[in-house]
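Peer 1: coordinates only, sequence not included:
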């Protein structure tokens, strides 16, 4: 049953992420919560002038909007 719960939770998370309209937020969520990267690694993976603080804050703002 524990494995089934993990699979169901994984599917729920991936379903949520795939439904996010903003491509940048979708990428942040994917890197952080699916791939398990640190905020610093997420920022590096996205590139540009993104910092670990900027991607963390963008993620937090998105999740708080619910």
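Peer 2: Structure's in. What do you need? Quantities reported herein were computed from a predicted structural model and do not represent experimental measurements.
Peer 1: For the lowest-mean-pLDDT helix or strand in the chain, which helices and strands make contact with it?
Peer 2: When each helix and strand of the chain is scored by mean pLDDT, DSSP states H and E, helix 2-18 comes last, with a mean of 92. On a contact count with 3 or more Cβ pairs under 8 Å, 6 or more residues apart in numbering; DSSP states H and E, helix 2-18 meets helix 23-29. Glycine gets a C-beta too; all of them are placed from N, C-alpha and C.
Peer 1: Identify each buried residue in stretch 35-52, please.
Peer 2: Buried residues in stretch 35-52, counting neighbours by 16 or more other Cβ atoms under 10 Å, are found at 37, 39, 42-43, 45-46, 50.
Peer 1: if I look at residue 24, how far off is residue 50?
Peer 2: To residue 50, residue 24 is 9 Å away according to Cβ to Cβ, to the nearest Å.
Peer 1: again with residue 59
Peer 2: Where residue 50 is concerned, residue 59 sits at a distance of 11 Å (Cβ to Cβ).
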